[in-house]
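Peer 1: sequence plus predicted model, see below.
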Amino acid sequence: MDFDLSPDHELIRRTVRDFAKQRVAPVAEELDRTKSFPYELVRELGELNLMGIPFPEEVGGGGGDTLAYAIAIEELTRIDSSVAITVCAHTSLGTQPIYLYGSDEQRERWLPRLCSGEILGAFGLTEPEAGSDAGNTRTRARLDDGEWVIDGAKQFITNAGTDISGVVCITARTDAGSSCANGGGVGDADMEVSNFIVPTGTAGYEVGEPYRKMGWNASDTRPLTFAGARIPEDNLLGPRGAGFKQFLHVLDIGRIGVAAMGVGLAQGALDQALAYAKQRRAFGQPISRFQAIQMKLADISTELEAARLLTYKAALLKDAGRSFTLAAAQAKLKTGRLAVRAAEEAVQIHGGYGYIEEYPICRFYRDAKILTIGEGTDEVQQMVIARALGA
Ligand code: CAA
């Protein structure tokens, strides 16, 4: 077992760390405060070949592996979560389904533009009545005169409403019962879910107003509606009826990216807490000399190391072609909780200043919570883990 990163992995860490410090850090507070999407940063990330890291160069990607991708996401989140989730949702969820399940034509049409960052990809699974219970999809697609006609709604979707959003991959029911008004019953043996590529600008596909969120303020998150939206028959992604399993697999991969966000957020919180504790004086000395502060820093640092190893293990298992569902769920569960705790402890170390928006730790605290909810709640991860244990 080797714990050293390869030169290629060290290089991507350095490249993204430099970019995050030099380009993201100076603007992160303003982007968050003004809730502005980071167009310029996305363009620059595309130029650095960081918008399609884990996809082969032949399709326009960065030619990296999952570990390289996780390291990049970790380094971005160490400075700013909004930029990180934009890259993460675009890569793991928006581009991944087309890479994994697309026909040659679909891949040629979409992947080069997605991987260069010219357009953003989004992923539409969650619905008002299908969150953790992702199989309860109500959105329907029916064939009519050589086209799929889509009706339904998606919510909490990242990257679908920007000026450069190009495509959303969605799940919809295609079983015979799905044309009924009530969509048939949940758990219906005949229920069939398929995936579709819906280009931005499709008539009948509408992107709603952005949500007012607790954090991730510079990322784009909106509801989507489909009212008789017509797409060509060959916008079906992969075989008809394979949609649910496809998306569960995509979510497994996505969980590694979100776990890397947890690692990055916890590391960023620790960086800030340590720096602050060393310069803040109380009772005649820097507060970093007090055991009460040292114990917090020591605990976070130790848990962070364990969480990082778990996340890298999930990435390495995937890269080795081995089963990684369990490791990805464990990594997501562990890192999300750690991120919340690390941000809270770091705010505590900052005292009153931690509650003031001028200090980045305030934003980190707001950004952390979603990591225990988005892309599968802690409770869903626990379900996945318990099932893997055979419980
Ligand atoms: N990969 C591939 N196939 C899988 C799988 C996996 N990881 N896990 C299960 N399957 C297969 C099963 O073998 C089963 O196949 P058969 O029917 O042939 O036996 C089928 O898929 C159904 O599996 P389950 O019975 O286990 O499914 P379930 O209904 O009990 O649900 C779940 C399982 C894990 C709870 C799943 O629904 C889930 O992951 N829910 C959370 C969804 C989620 O993470 N949502 C967030 C999306 S992110 C988003 O939308 C926002 C954004 O843009 C960022």
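Peer 2: Right, received. Where do you want to start? All values derive from a computational prediction rather than experimental measurement. Numbering: from 1, shown residues only.
Peer 1: contacting residues around the residue nearest to Arg17 when sequence neighbours are not counted?
Peer 2: Distance criterion Cβ to Cβ, 6 or more residues apart in numbering; nearest residue to Arg17, sequence neighbours excluded, is Glu75 at 4.8 Å. Just so you know, the C-beta spots here come from the backbone N, C-alpha and C atoms, and that holds for glycine as well. Glu75 makes contacts with 13, 16-17, 20, 264, as judged by Cβ atoms under 8 Å, 6 or more residues apart in numbering.
Peer 1: helix or strand: which one has Glu75?
Peer 2: helix 66-77 (DSSP states H and E).
Peer 1: pLDDT of that helix, averaged?
Peer 2: For helix 66-77, the mean per-residue pLDDT is 98.
Peer 1: offset the numbering so it begins at 2, please.
Peer 2: Got it, first residue is 2 now, which makes that one helix 67-78.
Peer 1: and that helix with the ligand, contact?
Peer 2: No - Helix 67-78 does not reach the ligand (Cβ under 6 Å from any ligand atom); its nearest approach is 13.2 Å.
Peer 1: shaky segments in the stretch 152-301 of the chain?
Peer 2: Within the stretch 152-301 of the chain, the segments meeting pLDDT under 70 span 178-190.
Peer 1: apart from its chain neighbours, what residue comes closest to the closest residue to the ligand within it?
Peer 2: Across the stretch 152-301 of the chain, no residue is closer to the ligand than Leu249, which sits at 3.6 Å (Cβ to the nearest ligand atom). Nearest non-adjacent residue to Leu249, counting by Cβ to Cβ, 6+ apart: Ala135, 7.7 Å away.
Peer 1: A strand includes that neighbour, no?
Peer 2: No - assessed with DSSP: H, G, I helix; E, B strand; the rest coil, Ala135 is coil; it does not lie in a strand.
Peer 1: for it, give me its contacts.
Peer 2: Neighbours of Ala135 in contact, by Cβ under 8 Å, 6+ apart: 126-127, 172, 245, 248-249, 252.
Peer 1: what does Ala90 give?
Peer 2: 123-124, 159-160, 220, 255.
Peer 1: which ones among those residues lie within helices?
Peer 2: Among the contacts of Ala90, the ones falling in helices (DSSP state H) are Gly255.
Peer 1: and the contacts of Ala90 near the ligand, which?
Peer 2: Within the contacts of Ala90, those near the ligand by Cβ under 6 Å from any ligand atom are 124, 159.
Peer 1: ok, Ala293 to Gln286 distance?
Peer 2: 13 Å (Cβ to Cβ, to the nearest Å).
Peer 1: and for Gly265?
Peer 2: 31 Å.
Peer 1: so those two - more neighbours on which side?
Peer 2: Neighbour count, other Cβ atoms under 10 Å: between Gly265 and Gln286, Gly265 has more, with 29 against 9.
Peer 1: give me the buried positions along whichever strand or helix holds that one.
Peer 2: Per DSSP H and E: Gly265 is located in helix 244-280. Buried residues in helix 244-280, counting neighbours by 16 or more other Cβ atoms under 10 Å, are found at 244-245, 247-248, 251-271, 273-275, 277-278.
Peer 1: ok and that helix relative to helix 67-78, angle-wise?
Peer 2: 50 degrees (axes from the mean of the first three to the mean of the last three Cα atoms, to 10 degrees).
Peer 1: would you mind listing what in the chain touches the ligand?
Peer 2: Near the ligand, when you scan the chain using Cβ under 6 Å from any ligand atom, you find 90, 94, 124, 126-127, 133, 135-136, 157-159, 245-246, 249-250, 252-253, 326, 375-377, 381, 384-385.
Peer 1: what about 8 Å?
Peer 2: Taking Cβ under 8 Å from any ligand atom as the criterion, the chain approaches the ligand at residues 86, 90, 94, 123-127, 132-136, 155, 157-160, 222, 245-247, 249-250, 252-253, 255-256, 326, 375-378, 381, 384-385, 388.
Peer 1: separate out the buried members of those.
Peer 2: The neighbour-count criterion (16+ other Cβ under 10 Å) marks 86, 90, 94, 123-127, 132, 135, 155, 157-160, 222, 245, 247, 252-253, 255-256, 326, 375-378, 381, 385 among these as buried.
Peer 1: okay, the nearest residue to Lys297 once chain neighbours are set aside and Ala387: tell me how far apart.
Peer 2: Leaving aside its sequence neighbours, Lys297 sits nearest to Glu346 (Cβ to Cβ, 6+ apart; 4.8 Å). Separation of Glu346 from Ala387 (Cβ to Cβ): 29 Å.
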